[in-house]
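1. I'll drop the sequence and a predicted model, then ask my questions.
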Amino acid sequence: MRWTWVILLTSIVVAAGLGFLWRVQQEPPAPAPSTETQPQREEASPVAETDRTELAMSGYAEASEDMRALAVAVFNGTPLPADALSRVTPEELSAFYDTTVPKELATKDAPAGMQVRRNLLLDAFAFDRQEAGKAVVEAGADVNVADHLMAYNALAELSGSRMVPFPDFSKGMPWLRLYVENGGDLHAQRPGTSQTLLQRAAGLDNLEGLLYLLEKGADGWRPAVRDGFAYKPFFDDAFWGSAGIIGSEIAFRIAVEGHIQDAKPEQLAPILNDLTAAIDRFEGPGPDSMNTVWRLRAVAQAILDHSNVAAPEPLAEQLRKPFPEDIGGWHLRPDEVRSPPRDRAWPDGAGHDHMAFGLTCNEPDSFSSW
């Protein structure tokens, strides 16, 4: 009899547990808590897009009434009040306004008491208010504020997946153009580092931004200087990396688009010597070796074809050797600066592995010559 009661009670407990689980499965999941604080590029909810007045007023509490009116418009995505814009000075527009996050606006990412520095142009960038950004720059805002932060961040503004050979950074291009066309320093350098804008773009595989900077006059032969020490010019690093999958295509595009056509022999000589040594080092029958040599030869030939420098004899001898030209190819067509939808994403954990793409000229998505 005792075991009968035990079995009965156990059945009741199990049934109650199953009933609870069934109810949980039927109920919709609770919404995740919001962590939105400072302006982000991600799509915000309609409420958040129209309810930032308090945040703007708090951030610009020490600014003039006109600046607060402009900040409210930037934060909420409404047209800038023309009368307020006409009254503020370039100094006000370029200034930073220190504020402390109040308790009522505190979040996990911006706790109460946190010190925040606000700048109207950088806030326009953060909210992607392009018309507002243009307007405040036309009114005198300095695009070089905060050690050229807008340009560095614009180069990293990603649209879509990062896991393709040449990611789409077109979202930041309007801001990079705004920077360059309004007195932005093409040779800016991050404080405490040797990173220039060209190096920033190349490091991100942002071919569009890199070629734009070169087109607008950024000097790839100009070395970065830090603590009195001159580093290698950008072009030296770019062509030195020609054995890599992405680096080689970047170097090839730099050459074929005319950015080294006025280079001096003494500038190109060490690069061509390095390419010759790399070809010798990687030469071999395996597919990886042959792909690498194909890229190195293509870059070397592009340099020779688009400059006034003759090939040193060791390189000329290498280029005269028979080589199967259908062994390699580029990801992009001549008119492309970012990976198109046809490109597959990099396999998880594969990194820049050309074998994932089967880079041969017989495939429709790789291009051997122009």
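-> Thanks, I have it. Just so it is clear, the structure is predicted and the values come from calculations on it, not from any experiment.

2. Look up the closest residue to the residue sitting nearest the centre point of the chain, ignoring the ones flanking it.
-> Centroid-nearest residue in the chain, with Cα atoms, centre = their mean: Ala156, separated by 2.3 Å. Leaving aside its chain neighbours, Ala156 sits nearest to Leu204 (5.9 Å; criterion: Cβ to Cβ, 6 or more residues apart in numbering). The C-beta positions use only the backbone N, C-alpha and C, and glycine is treated the same way.

3. pLDDT score for that neighbour?
-> At Leu204 the predicted local distance difference test score is 96.

4. next one: Pro341
-> For Pro341, the model assigns a pLDDT of 77.

5. Tell me the spacing between it and Asp168.
-> Pro341 sits at a distance of 10 Å from Asp168 (criterion: Cβ to Cβ, to the nearest Å).

6. neighbour count winner among those two?
-> Asp168 (20 against 7; other Cβ atoms under 10 Å).

7. got a list of what the more buried one touches?
-> When contacts are counted by Cβ atoms under 8 Å, 6 or more residues apart in numbering, Asp168 is found next to 158-160, 338-339.

8. Ranking by neighbours, what's the top pick from those residues?
-> Neighbour counts for the contacts of Asp168 peak at Ser339, which has 22 neighbours (criterion: other Cβ under 10 Å).

9. Okay, now the unreliable bits of the stretch 1-150 of the chain?
-> Under the criterion of pLDDT under 70, the regions of the stretch 1-150 of the chain flagged as low confidence span 1-50.

10. If we use 90, what do you get?
-> In the predicted model of the stretch 1-150 of the chain, residues 1-52, 99-116 satisfy pLDDT under 90.

11. cool, and the stretch 251-370 of the chain?
-> In the prediction, the stretch 251-370 of the chain carries residues with pLDDT under 90 at positions 325-328, 340-370.

12. which residues in it form helices?
-> Shown for the stretch 251-370 of the chain, the helices assigned by DSSP state H, counting those that start in this stretch span residues 265-282, 287-305, 313-320.

13. Ala126: which of those helices is closest?
-> Shortest distance between Ala126 and the helices of the stretch 251-370 of the chain, using Cβ to Cβ, is found for helix 287-305: 38.4 Å.

14. For that closest one, list the C-alpha coordinates in CSV.
-> C-alpha atoms of helix 287-305 as CSV (Å, rounded to 0.1, in the frame of the first residue of the first chain):
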residue,chain,number,x,y,z
PRO,A,287,49.3,24.2,-56.0
ASP,A,288,50.0,26.6,-53.1
SER,A,289,53.4,27.4,-54.3
MET,A,290,52.2,27.9,-57.9
ASN,A,291,49.4,30.2,-56.8
THR,A,292,51.7,32.3,-54.7
VAL,A,293,54.2,32.6,-57.6
TRP,A,294,51.4,33.5,-60.0
ARG,A,295,50.4,36.4,-57.7
LEU,A,296,54.0,37.6,-57.2
ARG,A,297,54.7,37.5,-60.9
ALA,A,298,51.4,39.4,-61.7
VAL,A,299,52.3,42.1,-59.2
ALA,A,300,55.9,42.4,-60.5
GLN,A,301,54.6,42.6,-64.1
ALA,A,302,52.0,45.2,-63.1
ILE,A,303,54.7,47.4,-61.5
LEU,A,304,56.9,47.1,-64.7
ASP,A,305,53.9,47.9,-67.0
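
15. Let me see the residues that make contact with it.
-> Outside of helix 287-305, the residues within contact range by Cβ under 8 Å, 6+ apart are 239, 242-243, 245, 248-249, 251-252, 255-256, 260, 268, 271-272, 275-276, 278-279, 282-284, 309-311, 315, 318-319, 323-325, 327-328, 354-355, 359.

16. Cool, thanks, signing off.
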